[in-house]
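In: only geometry, no sequence info:
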């Protein structure tokens with residue numbers, strides 16, 4: 001059960017971004033941690049009186065599929081005529097990490113070439129890198145060894161061992177929503193840093209190994225918070 005009263009909906013939108021409509025979204029996730037994170041907001045959106053907004057989440061069965069597994073899962077799901085018709089008007093998102101496979105650049109190219117017109121919610125190197133931004137402002141362009149383990153950093157801020165795929169820990173990180181706004185602002189600053197160097201989401205397959213940490217999740221979450229604010233008000 002989502003405690004919508006606990007979430008602060010009226011958080012100011014970042015001045016760097018424009019108002020956008022969320023609409024209907026279909027997310028294909030790599031694992032349960034991502035699923036629990038987005039499920040939290042899907043439940044809130046479902047409780048709000050807006051019939052034009054919907055967030056559906058499908059998670060890759062099993063484990064270890066990596067980014068390519070997410071792509072294959074989504075392609076197979078949408079090959080089904082019933083699924084294709086039912087989600088025809090949905091924006092389709094692939095949520096994945098960059099820690100696997102080694103040829104992540106090729107996988108991203110395949111995603112972009114799909115006829116399903118996927119939008120990429122990508123995090124380098126793992127989804128926990130996005131979660132870290134709820135607490136800290138990582139320095140962009142660092143080697144993986146310099147950044148430290150995202151899970152160790154999360155354990156420090158949570159005052160307990162971070163456990164992957166824990167719904168309770170995910171909800172603790174989200175809290176009342178202020179940490180989400182902080183993460184969005186952090187991700188925007190990191191993205192702006194890379195953009196100044198000529199590296200962008202549109203060409204990320206060419207630069208992903210240099211863009212560490214990086215996430216595009218904040219674009220989607222900006223729209224989610226905007227929709228919650230709009231509908232609540």
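Out: The structure has been received and is ready for your questions. Given the structure is predicted, the values throughout are model-derived calculations rather than measurements. Residues are numbered from 1 along each chain as shown.

In: ok, residues contacting the longest helix along the chain?
Out: For the chain, the helix that runs over the most residues, judged by DSSP state H, is helix 178-196. For helix 178-196, the surrounding residues in contact (Cβ atoms under 8 Å, 6 or more residues apart in numbering) are 8, 11, 14, 16-17, 130-131, 133-138, 140-141, 173-174, 200-201, 207, 211, 213-218, 221-222, 225. Glycine gets a C-beta too; all of them are placed from N, C-alpha and C.

In: for it, the distance to its chain's centre please.
Out: 13 Å (Cα atoms, centre = their mean, to the nearest Å).

In: Can you name the element that comes right after it?
Out: Using DSSP states H and E, the next helix or strand after helix 178-196 towards the C-terminus is helix 204-207.

In: ok, residue 141 - contacts?
Out: 193-194, 210-212.

In: Try it again at 7 Å.
Out: By Cβ atoms under 7 Å, 6 or more residues apart in numbering, the contact list for residue 141 reads residue 210.

In: Equivalent analysis for residue 133, please.
Out: Residue 133 is in contact with 183, 186-187, counting by Cβ under 7 Å, 6+ apart.

In: Give me the pLDDT for residue 63.
Out: As predicted, residue 63 sits at a pLDDT of 68.

In: give me the element residue 96 is part of.
Out: Assigned by DSSP H and E, residue 96 falls within strand 91-97.

In: circling back to that earlier point, can you say which of the contacts of helix 178-196 are buried?
Out: 11, 14, 130-131, 133-136, 138, 140-141, 173-174, 201, 207, 211, 213-218, 221-222, 225 (16 or more other Cβ atoms under 10 Å).

In: List the ones among those that fall in strands.
Out: 214-215 (DSSP state E).

In: how about the helices of the chain, start to end?
Out: Using DSSP H, helices in the chain cover 32-47, 66-79, 81-86, 104-113, 127-132, 144-147, 150-158, 167-174, 178-196, 204-207, 217-232.

In: so which of these gets nearest residue 121?
Out: Comparing these by their distance to residue 121 (Cβ to Cβ), the top pick is helix 217-232, with 5.0 Å.

In: Give me the distance between the closest residue to residue 84 other than its chain neighbours and residue 104.
Out: Nearest residue to residue 84 in three dimensions, chain neighbours excluded: residue 78, at 5.3 Å (Cβ to Cβ, 6 or more residues apart in numbering). Relative to residue 104, residue 78 is positioned 22 Å away (Cβ to Cβ, to the nearest Å).
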